[in-house]
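Chemist: all I have is the shape, not the residue letters:
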């Protein structure tokens, strides 16, 4: 971790097009201004952690959902229910006019 001292109005640059400026400070904390391209996602750490947690929770379906899906809806049941047709024969048309 890089640790820097900056005064009000001073800033630093990160990579291409990202600039952070100290706007001010008081007993509540430091105010920062961030300039970045629109495709750069900027989140406070606590919000980023909440987004990660919610994404992980959403990726795992609740057990109740699994209980209401009928067994016939499983891919194995679909495969057993659909008869497989024989592979069609293809006759090459070599030399035909």
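Modeler: Happy to help now that I have it. Computed from a predicted model, the values in this text were never measured in an experiment.

Chemist: give me the mean pLDDT for stretch 6-24.
Modeler: For stretch 6-24, mean pLDDT rounds to 95.

Chemist: residues of the longest strand anywhere in the chain that come out buried?
Modeler: Ranked by residue count, the top strand of the chain under DSSP state E comes out as strand 18-26. Residues of strand 18-26 classed as buried under the neighbour-count rule (16 or more other Cβ atoms under 10 Å) are 20, 22. From N, CA and C alone the C-beta is placed, and that goes for glycine too.

Chemist: ok, and what's touching that strand?
Modeler: Residues outside strand 18-26 that contact it (Cβ atoms under 8 Å, 6 or more residues apart in numbering): 6-14, 30-37, 40.

Chemist: toward the C-terminus, what is the element adjacent to it?
Modeler: With elements assigned by DSSP states H and E, the helix or strand that comes after strand 18-26 is strand 29-35.

Chemist: could you list the paired strands of that following strand along with their orientation?
Modeler: strand 18-26 (antiparallel) (DSSP bridges).

Chemist: mind checking how far residue 6 is from residue 60?
Modeler: Note on residue 6: its distance to residue 60, by Cβ to Cβ, to the nearest Å, is 42 Å.

Chemist: tell me the secondary structure at residue 55.
Modeler: With DSSP: H, G, I helix; E, B strand; the rest coil as the basis, residue 55 sits in helix.

Chemist: and it, how close does it get to residue 14?
Modeler: From residue 55 to residue 14 the distance is 25 Å (Cβ to Cβ).

Chemist: okay, these two: which has more neighbours?
Modeler: Taking neighbours as other Cβ atoms under 10 Å, residue 55 and residue 14 compare with residue 14 leading, 12 against 9.

Chemist: check what pLDDT residue 55 gets.
Modeler: Per-residue pLDDT puts residue 55 at 88.

Chemist: cool, residue 58 as well?
Modeler: Taking residue 58 on its own, its pLDDT is 82.

Chemist: then the one 4 residues further on?
Modeler: At residue 62 the predicted local confidence, pLDDT, stands at 68.
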